[in-house]
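Asks: sequence plus predicted model, see below.
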Amino acid sequence: MADDLKSLTGRQKAAIMIMAIGEERATKLFSMMDEEEIKELSQSMAALGSINSTVVEALFVEFASQMSATGSLVGSFDSTERLLRNTLPEDKVAGIMEEIRGPAGRTMWDKLSNVNAEVLANYFKNEYPQTVAVVLNKLRPEHAASVFGELPEDFAAEVMTRMLGMEPVRKEILEGIEQTLRTEFMATLSRTSQRDSHELMADIFNSFDRATESRFMTALEERSRDSADKIRALMFTFDDLANLDPNGVQTLLRHVEKGALAIALKGASEGMRDLFFTNMSERQGKILKEDMEAMGPVRLKDVDDSQLEMVLKAKDLAANGDIVIAEGGEDEMVY
């Protein structure tokens, strides 16, 4: 093995240090690594051979000098997260760290099982069926089923046929597939890319005023009715607040400014007005009705803005677990 520190790779240096610090400390370090990192280090450790004591000593001197030198820093996920927590709100930190870290999991297959099924399917469409069969065979069955549901029918059937006839895969082939996934897929995967584009567009449509929404929806229908229908189904509108239970309505009322509520209900349907009035005290309802009558005609844009404010507040409350927004169908409650 090399007797010169300069000729060592970073992975070899790490392997030497792991072996030099003793079993107990090495065990603690390994517990902080994922399986891929442990595997790579173990391979380097096994191939080290004999290392001159002067090289080990020089390596520790180099490490210590880097740690103590002004301006020389060791970046890590944990140190980055601690820094962000001192400057940003918790939800922002969580989003940033989720994007940096990528999918959770100790092995490549664990990580893939935490990647959105549609994202995986879009990647697999351009791969050989045999390769996809090998990968899906390593995933959790329920996640593999979700991926199958997103694949083109003919391609999915071909992959299933390969899985049914699959023999044990040689270790080197499996390692090659893992390496390809790591370099071509996982390295460029951002968690934000997992979000369905229709969901993003639905949120954009939710922020349009009524006239703009109608104009763009009509234009979209002319180009792709399927996409328009998907977006319409994903949109959360003021009328969807009718799916709140009485406790949810009362919680929302406590968080909405009274002036915005009056304007929002001014342009609401009779059914939506009743929903809110029946969840107020008689006195509160009477005052609100008087306020609505006193304001006279209001601009449609002001109504849209106030209703959007209530919708966004409801979504915030739902995200925090303060209210539950039922969606009908399977989520509908039966009493």
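Replies: Structure's in. What do you need?
Asks: show the backbone phi and psi for residue 114.
Replies: Phi and psi for residue 114, reported as degrees, to the nearest 10, are phi -110, psi 10.
Asks: for burial, what's the neighbour tally of it?
Replies: 14 (other C-beta atoms under 10 Å). Every C-beta, even on glycine, is put in place using the N, C-alpha and C of the backbone.
Asks: so it versus residue 7, what's the distance?
Replies: Remark: distance between residue 114 and residue 7 (C-beta to C-beta, to the nearest Å) = 39 Å.
Asks: what of residue 113?
Replies: For residue 113, the distance to residue 7 - C-beta to C-beta - is 40 Å.
Asks: then residue 198?
Replies: With C-beta to C-beta as the criterion, residue 198 and residue 7 are 53 Å apart.
Asks: ok, residue 163 next?
Replies: Residue 163 is 45 Å from residue 7, by C-beta to C-beta.
Asks: those two: which has the busier surroundings?
Replies: residue 163 (17 against 10).
Asks: quick check: that one vs residue 199, distance?
Replies: Using C-beta to C-beta, residue 163 is found at 31 Å from residue 199.
Asks: quick one: find the helix or strand in this protein with the lowest mean pLDDT.
Replies: One helix or strand of the chain scores below all others by mean pLDDT, DSSP states H and E: helix 90-101, with a mean of 61.
Asks: can you name the next helix or strand after that one?
Replies: Once helix 90-101 ends, the next helix or strand along the chain (criterion: DSSP states H and E) is helix 108-112.
Asks: gap between that next one and the chain center?
Replies: 15 Å (C-alpha atoms, centre = their mean, to the nearest Å).
Asks: quick one: average pLDDT of it?
Replies: Mean pLDDT, helix 108-112: 76.
Asks: same question for stretch 179-197.
Replies: Mean predicted lDDT for stretch 179-197 stands at 61.
Asks: go on, stretch 229-248?
Replies: Throughout stretch 229-248, pLDDT has a mean value of 85.
Asks: likewise for stretch 6-15?
Replies: 85.
Asks: pull out the buried positions in it.
Replies: Buried residues in stretch 6-15, counted by 16 or more other C-beta atoms under 10 Å: 8, 12, 13, 14, 15.
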